[in-house]
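Q: coords please:
(2 chains)
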Number of protein chains: 2
Amino acid sequence: MLKLNIVCVGNLKDKFFIDACNEYKKRLSRFCELSVFELKEYTNLENEEQIRNAEGNDILKHLKGFVVLADVKGKQLSSEGLAEFLQKQTVLSSEITFVVGGSYGVSKSVKDKANFALSVSPMTFPHRLFRVMLLEQIYRAFTINNNIKYHK
Amino acid sequence: MLKLNIVCVGNLKDKFFIDACNEYKKRLSRFCELSVFELKEYTNLENEEQIRNAEGNDILKHLKGFVVLADVKGKQLSSEGLAEFLQKQTVLSSEITFVVGGSYGVSKSVKDKANFALSVSPMTFPHRLFRVMLLEQIYRAFTINNNIKYHK
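A: Next up, the predicted model:
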């Protein structure tokens, strides 16, 4: 079974985001061995670059297998495109790691380590809501690849 | 104060989506007079076109002011782009209506009535989650236009 890791910075805080993520995590457990790593948010540092670097150092420790970085400037895919992409990658790799940065994005070292930069939207979303969106799209990709009806 | 309507098909069903929408609705009340119209989902009809047409007839009755249709094939904007777009529109119009279709999209007659088709993402999201995403982006646009720090 595919190992799928979501590495993200900060906790979800709001109950509605926690509950929504839990719902998609439960649904995803049918298709992959999912691990979500919530890393520390460095809110106490002086400037944004310091925050990105501190968070980046922690992210780097969790990058395993094929690494997909969520990046507003990355490559755009449709939901079907993501499904096809994941289908291909699971043939090549038994582990895929998605990275969702914190409020200030990710460090250059994380960008350099990523195998693919995926843009879900040209709009900037709060990273908490974004985590729900990403889990939903990964779940949707699995339903597409497994010919499972899914409409909501 | 700007009148802002969200016309959408179907209820939110899951508590986490209801709570998330309520949070953004509360935040938006600072900037506009927000009304959310939840229209009936016609799940009992025979085919997708019939559903789109039935839902479309109900949507048409709620289209007031400048109409923005959420459409995966519409024009993409960044969050800053949406902020600028709304800024300009509020000068021209005192009422803006956003339309979020149901599971099968909207009818041609709704598309024809829309003044602008906005694509939030090339990916397809469930309309319930999408409503949260749209409210968040509208809220974000207001914070950008009012120079309010907003990071999450």
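Q: For A:Lys40, the count of nearby residues, please.
A: 12 (other Cβ atoms under 10 Å in any protein chain shown). For the C-beta atoms, the positions are set from N, CA and C on the backbone; glycine is no exception.
Q: show me what contacts the closest residue to it other than its chain neighbours?
A: Sequence neighbours aside, A:Asp58 is the residue nearest to A:Lys40 in space, at 6.3 Å (criterion: Cβ to Cβ, 6 or more residues apart in numbering or on different chains). A:Asp58 makes contacts with A:Val9, A:Leu39, A:Lys40, as judged by Cβ atoms under 8 Å, 6 or more residues apart in numbering or on different chains.
Q: Those in strands, which ones?
A: Among the contacts of A:Asp58, the ones falling in strands (DSSP state E) are A:Val9, A:Leu39.
Q: Identify, from the contacts of A:Asp58, the entry nearest to chain B.
A: Chain B lies nearest to A:Val9 out of the contacts of A:Asp58, by Cβ to the nearest Cβ, at 11.9 Å.
Q: Could you tell me which residues of chain A lie near chain B?
A: A:14-17, A:19-20, A:23, A:72, A:76-79, A:81-82, A:103, A:120-129, A:132-133, A:136-137, A:140, A:151-152 (Cβ under 8 Å from any Cβ of the partner chain).
Q: sorry, back to before: show the model's pLDDT score for the residue nearest to A:Lys40.
A: What the model reports as pLDDT for A:Asp58 is 97.
Q: quick one, strands of chain A?
A: Going by DSSP E, chain A shows strands at A:3-9, A:33-39, A:66-76, A:95-100, A:116-119.
Q: Tell me which residues are up against the shortest one.
A: Pointing back at strand A:116-119 there. Residues contacting strand A:116-119 (Cβ under 8 Å, 6+ apart): A:66-77, A:82, A:85, A:111.
Q: go with 7 Å
A: Contacting residues not belonging to strand A:116-119 are listed as A:Val68, A:Leu69, A:Ala70, A:Asp71, A:Val72, A:Lys73, A:Gly74, A:Lys75, A:Gln76, A:Leu77 [Cβ atoms under 7 Å, 6 or more residues apart in numbering or on different chains].
Q: Average pLDDT for that strand, rounded please.
A: Here the average pLDDT along strand A:116-119 is 98.
Q: How about the fourth one?
A: Strand A:95-100 shows an average pLDDT of 98 in the prediction.
Q: Quickly run through the sheet partners of that strand, with directions.
A: strand A:3-9 (parallel), strand A:66-76 (parallel) (DSSP bridges).
Q: Would you point to the one among these that's packed deepest?
A: Compared across the strands paired with strand A:95-100, strand A:3-9 shows the largest average neighbour count, a mean of 22 (mean count of other Cβ atoms under 10 Å in any protein chain shown).
Q: relative to strand A:33-39, how tilted is that strand?
A: Between strand A:3-9 and strand A:33-39, the angle comes out at 20 degrees (axes from the mean of the first three to the mean of the last three Cα atoms, to 10 degrees).
Q: what comes into contact with strand A:3-9?
A: A:32-39, A:41, A:55, A:59, A:62, A:64-65, A:94-102, A:127, A:131.
Q: Filter those down to just the buried residues.
A: A:32, A:34, A:36, A:39, A:41, A:55, A:59, A:62, A:65, A:95-102, A:127, A:131 (16 or more other Cβ atoms under 10 Å in any protein chain shown).
Q: Return the residues in contact with the residue positioned nearest the centre of chain A.
A: Closest residue to the average C-alpha location of chain A: A:Phe98 at 3.7 Å, with Cα atoms, centre = their mean. Residues in contact with A:Phe98 (Cβ under 7 Å, 6+ apart) are A:Ile6, A:Val68, A:Ala70, A:Leu134.
Q: on that earlier part again, name the nearest of the contacts of strand A:116-119 relative to chain B.
A: So of those, ranked by how close each gets to chain B (Cβ to the nearest Cβ), first place is A:Gln76, at 5.0 Å.
Q: Pairing partners for that closest one in the sheet, please.
A: Under the criterion used (DSSP bridges), A:Gln76 bridges to A:Ser119.
Q: Hmm, B:Val120 and it touching each other?
A: No. If you go by Cβ atoms under 7 Å, A:Gln76 and B:Val120 don't touch, sitting 11.9 Å apart.
Q: Okay, and the beta partners of the residue nearest to the centre of chain A?
A: The partner residues for A:Phe98, given DSSP bridges, come to A:Ile6, A:Val68.
Q: For A:Val91, see how far away it is.
A: Separation of A:Phe98 from A:Val91 (Cβ to Cβ, to the nearest Å) stands at 18 Å.
Q: got the CA positions of the biggest helix by length in chain A in CSV?
A: For chain A, the helix that runs over the most residues, judged by DSSP state H, is helix A:127-145. The C-alpha coordinates for helix A:127-145 follow below in CSV (Å, rounded to 0.1, in the frame of the first residue of the first chain):
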residue,chain,number,x,y,z
HIS,A,127,-2.6,27.0,5.3
ARG,A,128,-5.2,25.5,7.5
LEU,A,129,-8.0,25.6,4.9
PHE,A,130,-5.5,24.6,2.3
ARG,A,131,-4.7,21.4,4.1
VAL,A,132,-8.4,20.4,3.8
MET,A,133,-8.4,21.3,0.1
LEU,A,134,-5.3,19.2,-0.5
LEU,A,135,-6.6,16.2,1.3
GLU,A,136,-9.9,16.5,-0.6
GLN,A,137,-8.0,16.6,-3.9
ILE,A,138,-5.9,13.6,-3.1
TYR,A,139,-9.0,11.7,-2.0
ARG,A,140,-10.7,12.8,-5.2
ALA,A,141,-7.7,11.6,-7.2
PHE,A,142,-7.9,8.1,-5.6
THR,A,143,-11.7,7.9,-6.4
ILE,A,144,-10.9,8.9,-10.0
ASN,A,145,-8.2,6.3,-10.3
